[in-house]
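Visitor: sequence unavailable; structure follows:
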């Protein structure tokens, strides 16, 4: 394309303030780890966090973001409704949105899904294996047939989401559960991708295949040049 | 099945108070016309309207409704948020929801879709023809290949909804537009059906094929006996 | 509905001739076990097998079948192409088709899918757990959140099928794989359901939940009264 | 991406031999018109036609084709089955396939769909308007909300195809019909796009928006670097 892709990585950034394990794994925060990788991929990346004014998501930032990545967990309720509405509006206008892991319970994801987005979970250091079920999708480029993650939090079905437009990954967990781990949706003029892995106490965002998926997904999420629809009262195009 | 199907037909019921054309076409209101037909089909039907206490949608009513039908137009904003949330909750628990015509802009529909649900429109007494594009679906039973409606309001694409799980009808309008007119969605344990026709100043809800579709859809929307999922912390099912 | 549902259970019926384990588990054949259960459910059931004239699928039989169930494994190639074409034709006209387990490689399934329908497999007596991912679907009625099968053959992704219209079950296997185990498709005026479990040397078709799914699916697969489309040269419906 | 995209435009090329209207509109054939446009877009384009040895689709050609475009009408039956099977195999391996207009009845399209692909049709010089119903899809880039074609053959529903993975365009015809005109499918590791317009006696493949859609679709159809799945007997990945 040639065109620069502008990514904003948003992180709640709270575990990073209090949990030593998280600090050790992600010295620059989860947002920092993801941002650093995407910069190496040649993307234009900035970060934003909950405790910044307007959560770092000013109109200026949102209007210059092609793809927004969202990680949150313990402070979903602190995200202001007016910011959530602006993000939703931007997605419907075309901005790509990638929601990671515990972001399944974020206000913005639930608002765009219309469901509870609830699930089963367990923290037991168990291994996860994500299987590709849609090998023709660019999000799977260079990923191989499956991704093995040594230790992860378990998320299990039923995952209360609308049927995905495209189901890309399905996870296997040692404890006996499965999960729809990579799901795309289209909303308005925008595209969305939910990607499951990434519990804060494991080094998941240093895993090369996980990072590969995230970079692929950013490129897939970039807004296109499709029509910006006209809504409202419309004159007939043919004689009545 | 043998089991009685309990339907609640909800109507804003405002045009009926002020507009003589509407009063002439629907002397018992839009809700009355639909309810009368469904009763003839052997269903257990009640009605509820905006100006009743709690809009007629008390916990008692909602908890004993298998399928809720929704018609609204000029007073979407007067529907209380807490009632909308209860209806959403009931859909996610399994209650079927049919949204008719201008209900596309209702709070409940927008909340379950996650999009603006905006569209093009025109009131020009033009004819509409709905074509079946999914003939194996029970919603099309006995309907024939297409439904001709002599005079209707036009709704045109782009209709800002998520891609339907199943697209059943596509409308043709004389003025040059098309519209995805019959769309199913699954949300949580519940099913939804959006059906386009039904402008208040035309006798659309006396049209035999339109009534046939509504009755078919009620039967398809009835909650099943599928699992009521458990959410939250889950013990492993296999040894870790 | 009141209307009798006519089911034909088709089985290759070859393992039953030579394998003592299979004979012990299924003294009346796999077709017999499935048919006996469906009869108890009040359906009108007949069986047909490969070595009968026309494989037991005469025009008379096919024209009086609402739902055809298909089990085959080692003799897919012996099924005559003209019979396969008749079955395909009947599905497109509205007959329901349920393909079980190793039927994934049958001529009829591959013909209706357009893909290789290939997969990974392993016979290792390992346990399988099928998770419901679409709890609003009638195929899951009374099944509960998951089905545990103590010993089954493993089938693993990538399963080379078109993206299902509806994904109902996802399987977990102890050895580390997942599989899209319950998939619906619509083809022409007919409906299809692929259901994974059922290796011949395990008593899977005596498992109450597996039998429940099969009975539910039969009811879902029954042809409707939707339009039988007209094809070919068509006069304009509006003035040109 | 930087990588050269190799397109093969296949045309039956029979109307061009006998019909003066077609010769006047497409002096270099339908394949020539499409190929010339794609060359201007910077793609590496070759053409192939029915009457060449192996229909111009030798192993050498197919193995070096990223995206195959298919136009056929009166000679579908003359396409050899072994060539059709090779094309299907290549699609399942990843090659993109775009089927145009009357190609709906080609052997390769019917084989990959599993249905009759039948429809209603009429040649009456009537106008067609294609509406975008998925504005976030790259196939709609730069196309605008609708495409007006002054004179086209009518194709009407029911179009006997599987429900598309993504429905991009819906057509309106003056005579009263609608049609699902732009449909994507995934088969194996390959992607497919069916695009309706293009009757041989009208200058449709000189229409700038139609050519824009075709060029967009070529880019979307390019094979990715997703996994090439392993099939067959698989060792367990976990201890049994």
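Guide: Looks like it came in fine. None of the values given here were measured: they were computed from a predicted structure. Residues are numbered from 1 along each chain as shown, chains lettered A, B, ... in the order given.

Visitor: alpha carbons only for contacts and neighbour counts from here, please
Guide: OK.

Visitor: next SSE after the longest strand along chain A?
Guide: Secondary structure assigned by DSSP state E gives strand A:120-132 as the longest strand of chain A. Moving toward the C-terminus from strand A:120-132, the next helix or strand (DSSP states H and E) is strand A:146-156.

Visitor: my read: residue A:155 touches residue A:179, true?
Guide: Yes. Residue A:155 lies in contact with residue A:179 (Cα atoms under 8 Å); the separation is 6.4 Å.

Visitor: neighbour count for the two, which is higher?
Guide: It is residue A:155, of residue A:155 and residue A:179, that has more neighbours when counted by other Cα atoms under 10 Å in any protein chain shown, with 29 against 25.

Visitor: quick one: contacts for the residue lying closest to that one once chain neighbours are set aside?
Guide: Sequence neighbours aside, residue A:121 is the residue nearest to residue A:155 in space, at 4.5 Å (criterion: Cα to Cα, 6 or more residues apart in numbering or on different chains). Applying Cα atoms under 8 Å, 6 or more residues apart in numbering or on different chains, we find residue A:121 in contact with A:153-156, B:232-234.

Visitor: ok so, going back, now do the buried residues in the longest strand of chain A.
Guide: A:120-122, A:126-132 (16 or more other Cα atoms under 10 Å in any protein chain shown).

Visitor: widest-spaced pair of the residues you listed?
Guide: Largest separation among the buried residues of strand A:120-132 by Cα to Cα: A:122 and A:132, giving 23.0 Å.

Visitor: hmm, who's touching stretch A:122-135?
Guide: Contacts for stretch A:122-135 (Cα under 8 Å, 6+ apart): A:140, A:144-155, A:167-175, A:181, B:233-236, B:240, C:157-159, C:176-178, D:188-189, D:226-229.

Visitor: cool, stretch A:49-59 as well?
Guide: Stretch A:49-59 has contacts (Cα under 8 Å, 6+ apart) with A:10-13, A:48, A:79, A:83.

Visitor: what average pLDDT does it get?
Guide: On average, the pLDDT along stretch A:49-59 is 98.

Visitor: of the contacts of stretch A:122-135, grab the buried ones for PyMOL.
Guide: To isolate the buried members of the contacts of stretch A:122-135 in PyMOL, using 16+ other Cα under 10 Å:
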select buried, (chain A and resi 140+144+145+146+147+149+151+152+153+154+155+167+168+169+170+171+172+173+174+175+181) or (chain B and resi 234+236) or (chain C and resi 157+158+159+176+177+178) or (chain D and resi 188+189+226+227+229)
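
Visitor: centre of the chain to the longest strand of chain A, how far?
Guide: How far strand A:120-132 lies from its chain's middle: 18 Å, per Cα atoms, centre = their mean, to the nearest Å.

Visitor: ok and it relative to strand C:146-156, angle-wise?
Guide: Per axes from the mean of the first three to the mean of the last three Cα atoms, to 10 degrees, the angle that strand A:120-132 makes with strand C:146-156 is 20 degrees.

Visitor: strand A:120-132 pairs with which strands, parallel or anti?
Guide: Taking DSSP bridges as the criterion, strand A:120-132 sits next to strand A:146-156 (antiparallel), strand A:166-173 (antiparallel), strand B:232-233 (parallel) in its sheet.

Visitor: what segments of chain A are helices?
Guide: Ranges of helices in chain A, per DSSP state H, are A:15-18, A:20-25, A:29-40, A:59-63, A:81-93, A:107-113, A:208-221.

Visitor: which one of these lies closest to residue D:67?
Guide: Closest of these to residue D:67 is helix A:208-221, at 19.5 Å (criterion: Cα to Cα).

Visitor: surely residue A:104 touches residue A:112?
Guide: No. Between residue A:104 and residue A:112 no contact is recorded; they are 10.9 Å apart, counting by Cα under 8 Å.

Visitor: more neighbours: which of these two?
Guide: Using other Cα under 10 Å as the criterion, residue A:104 and residue A:112 rank with residue A:104 on top: 26 against 22.

Visitor: can you pull the contacts of the more buried one?
Guide: By Cα under 8 Å, 6+ apart, the contact list for residue A:104 reads A:110, A:117-118, A:194.

Visitor: so which of these wins on neighbours?
Guide: Taking other Cα under 10 Å as the neighbour criterion, residue A:194 ranks highest of the contacts of residue A:104 with 25 neighbours.

Visitor: bridged to that residue, which residues?
Guide: residue A:99, residue A:183.

Visitor: and which of the contacts of residue A:121 is nearest residue B:24?
Guide: Proximity of the contacts of residue A:121 to residue B:24 (Cα to Cα) peaks at residue B:232, which lies at 53.7 Å.

Visitor: near that closest one, how many other residues are there?
Guide: Other residues close to residue B:232 by other Cα under 10 Å number 12.

Visitor: now do residue A:105
Guide: Other residues lying near residue A:105 total 20 when counted by other Cα under 10 Å.

Visitor: ok, now which ones touch the nearest residue to it once chain neighbours are set aside?
Guide: Nearest residue to residue A:105 in three dimensions, chain neighbours excluded: residue A:117, at 6.2 Å (Cα to Cα, 6+ apart). Residue A:117 makes contact with A:104-105, A:110, A:159-161 under the criterion Cα under 8 Å, 6+ apart.

Visitor: same question, residue A:38
Guide: A:44-45, A:215.

Visitor: cutoff 10 Å now
Guide: With contacts defined as Cα atoms under 10 Å, 6 or more residues apart in numbering or on different chains, residue A:38 is in contact with A:7, A:9, A:32, A:44-46, A:211-212, A:214-215, A:218.

Visitor: between these, which is nearest chain D?
Guide: Here the nearest of the contacts of residue A:38 to chain D, counting by Cα to the nearest Cα, is residue A:212; it sits at 11.7 Å.

Visitor: surely residue A:76 meets residue A:13?
Guide: No. Proximity of residue A:76 to residue A:13 does not meet the contact threshold set by Cα atoms under 10 Å, at 11.5 Å.

Visitor: more neighbours, those two?
Guide: Comparing residue A:76 with residue A:13 by other Cα under 10 Å, the one with more neighbours is residue A:13, at 21 against 17.

Visitor: so in terms of bridging, what pairs with the closest residue in space to that one that isn't next to it in sequence?
Guide: Using Cα to Cα, 6+ apart and skipping residues adjacent in sequence, the residue nearest residue A:13 is residue A:49, 6.2 Å away. Note on residue A:49: beta-bridge partners by DSSP bridges are residue A:11.

Visitor: what about residue A:49, neighbour count?
Guide: For residue A:49, the count of nearby residues is 20 (other Cα under 10 Å).
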